[in-house]
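> Got a predicted structure plus its sequence, pasted below:
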Amino acid sequence: MPAAGERHAPWAPSARPILDGPVDGADIVTDAMQRWKAGVDAHRPEQVAALFTEDSLFQGLRPDPTRGTAAITDYYAGQPPDAG
């Protein structure tokens, strides 16, 4: 995982779970969004946070942004499960 401020290399081990599948740019985005939706729909905050890097800046529906996967996990853990 790169340090804060460093670029994330697409060949880094943390990028491989996304890049092992699709190779087209649109497919990569679609795959990431499907993984995000599956985690949100199943109310699995850790699964959602795993899609972000440790230095991610995250702006949910709260007024202030947070940073890192722990904060992202906390955010999604606090969201109510889908009633549908």
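All right, it came through fine.

> Could you measure from residue 33 over to residue 64?
Distance of residue 33 to residue 64, computed by CB to CB, to the nearest Å: 25 Å. To be clear about C-beta, it is placed using only N, CA and C from the backbone, and glycine gets the same treatment.

> Actually, residue 52.
17 Å.

> do the same with residue 75
Counting by CB to CB, the gap from residue 75 to residue 64 is 11 Å.

> Of those two, give the one with the bigger neighbour count.
Each of residue 75 and residue 64 has its neighbours counted (other CB atoms under 10 Å); residue 75 has more, 18 against 6.

> Show me the contact partners of the helix or strand where the more buried one lies.
Using DSSP states H and E, residue 75 sits within helix 69-77. Helix 69-77 has contacts (CB atoms under 8 Å, 6 or more residues apart in numbering) with 39-40, 43, 45-46, 48-50, 52-54, 56, 58, 60, 62, 66.

> Buried ones among those?
The neighbour count (16 or more other CB atoms under 10 Å) marks 39-40, 45, 48-50, 52, 56, 58 as buried among the contacts of helix 69-77.

> Looking at the residues you listed, which are in helices?
39-40, 45, 48-49 (DSSP state H).
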